[in-house]
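**Q** got a sequence here, can you model it:
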Amino acid sequence: MNRHERIPPRPATEAEVRYLDGDFRVLRPGSHVRCAVTGQAIPLDELRYWSAERQEAYASPEIALQRLEELKLLPKL
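**A** Below you'll find the model as predicted:
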(Lines give C-alpha, C1' and ligand atoms only; values in the text may rest on other atoms or scores of the structure.)
Protein backbone atom coordinates (compact mmCIF):
# COMPACT_ATOMS: atom_id res chain seq x y z
CA MET A 1 0.00 0.00 0.00
CA ASN A 2 1.46 3.36 -0.91
CA ARG A 3 0.98 6.58 0.97
CA HIS A 4 -1.75 7.84 -1.39
CA GLU A 5 -4.04 4.88 -0.84
CA ARG A 6 -6.62 5.27 1.86
CA ILE A 7 -7.31 2.62 4.43
CA PRO A 8 -11.04 1.92 4.36
CA PRO A 9 -12.75 2.85 7.63
CA ARG A 10 -13.58 -0.01 9.94
CA PRO A 11 -17.29 -0.48 10.48
CA ALA A 12 -18.54 0.68 13.86
CA THR A 13 -19.28 -2.30 16.05
CA GLU A 14 -21.44 -2.51 19.14
CA ALA A 15 -19.59 -3.32 22.33
CA GLU A 16 -20.84 -5.81 24.89
CA VAL A 17 -20.72 -4.19 28.29
CA ARG A 18 -21.38 -5.30 31.87
CA TYR A 19 -22.74 -2.32 33.80
CA LEU A 20 -21.56 -2.07 37.40
CA ASP A 21 -22.29 0.43 40.18
CA GLY A 22 -20.35 3.53 39.14
CA ASP A 23 -18.35 1.75 36.44
CA PHE A 24 -18.68 -0.64 33.53
CA ARG A 25 -16.60 -3.47 32.13
CA VAL A 26 -16.19 -4.06 28.39
CA LEU A 27 -16.74 -7.76 27.66
CA ARG A 28 -16.48 -7.49 23.87
CA PRO A 29 -14.68 -4.50 22.35
CA GLY A 30 -16.59 -2.11 20.15
CA SER A 31 -17.06 1.56 19.47
CA HIS A 32 -20.46 2.09 21.08
CA VAL A 33 -23.47 0.72 22.98
CA ARG A 34 -27.16 1.35 22.28
CA CYS A 35 -29.50 3.45 24.38
CA ALA A 36 -32.17 1.16 25.86
CA VAL A 37 -34.90 3.75 25.24
CA THR A 38 -34.04 5.44 21.94
CA GLY A 39 -31.73 2.92 20.25
CA GLN A 40 -29.23 5.74 19.69
CA ALA A 41 -25.57 4.72 19.45
CA ILE A 42 -23.58 6.00 22.46
CA PRO A 43 -19.79 6.09 21.96
CA LEU A 44 -18.09 4.30 24.87
CA ASP A 45 -16.06 7.39 25.74
CA GLU A 46 -19.33 9.35 26.13
CA LEU A 47 -21.20 6.71 28.16
CA ARG A 48 -22.26 8.32 31.46
CA TYR A 49 -25.73 6.97 32.30
CA TRP A 50 -26.76 3.35 32.85
CA SER A 51 -28.60 0.99 35.16
CA ALA A 52 -26.53 -1.79 36.72
CA GLU A 53 -29.75 -3.42 37.94
CA ARG A 54 -31.39 -3.55 34.49
CA GLN A 55 -28.12 -3.66 32.48
CA GLU A 56 -29.25 -0.78 30.27
CA ALA A 57 -27.45 2.27 28.89
CA TYR A 58 -29.06 5.69 28.44
CA ALA A 59 -28.05 8.51 26.12
CA SER A 60 -28.81 11.32 28.62
CA PRO A 61 -30.05 11.91 32.16
CA GLU A 62 -33.43 12.97 30.77
CA ILE A 63 -33.78 9.64 28.97
CA ALA A 64 -32.74 7.75 32.13
CA LEU A 65 -35.46 9.62 34.06
CA GLN A 66 -37.98 8.85 31.31
CA ARG A 67 -37.13 5.15 31.65
CA LEU A 68 -37.67 5.27 35.43
CA GLU A 69 -41.04 6.94 34.86
CA GLU A 70 -42.02 4.26 32.31
CA LEU A 71 -41.17 1.53 34.81
CA LYS A 72 -42.98 3.40 37.63
CA LEU A 73 -39.83 3.35 39.76
CA LEU A 74 -39.91 6.98 40.90
CA PRO A 75 -41.13 7.65 44.44
CA LYS A 76 -44.46 9.42 44.86
CA LEU A 77 -44.14 12.93 46.31
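
**Q** burial count for the nearest residue to residue 38 once chain neighbours are set aside?
**A** Leaving aside its sequence neighbours, residue 38 sits nearest to residue 59 (Cβ to Cβ, 6 or more residues apart in numbering; 5.8 Å). (C-beta placed from N, C-alpha, C; glycine too.) Using other Cβ atoms under 10 Å, residue 59 is surrounded by 21 other residues.

**Q** residues touching residue 59, list them.
**A** Shown in contact with residue 59 (Cβ atoms under 8 Å, 6 or more residues apart in numbering): 35, 37, 38, 40, 42, 49.

**Q** the same query, at a cut-off of 6 Å, please.
**A** 35, 38, 40, 42 (Cβ atoms under 6 Å, 6 or more residues apart in numbering).

**Q** where along the chain do the helices fall?
**A** 61-70 (DSSP state H).

**Q** and the strands in the chain?
**A** Secondary structure of the chain (DSSP state E): strands at 16-20, 23-28, 32-34, 41-43, 49-51, 56-58.
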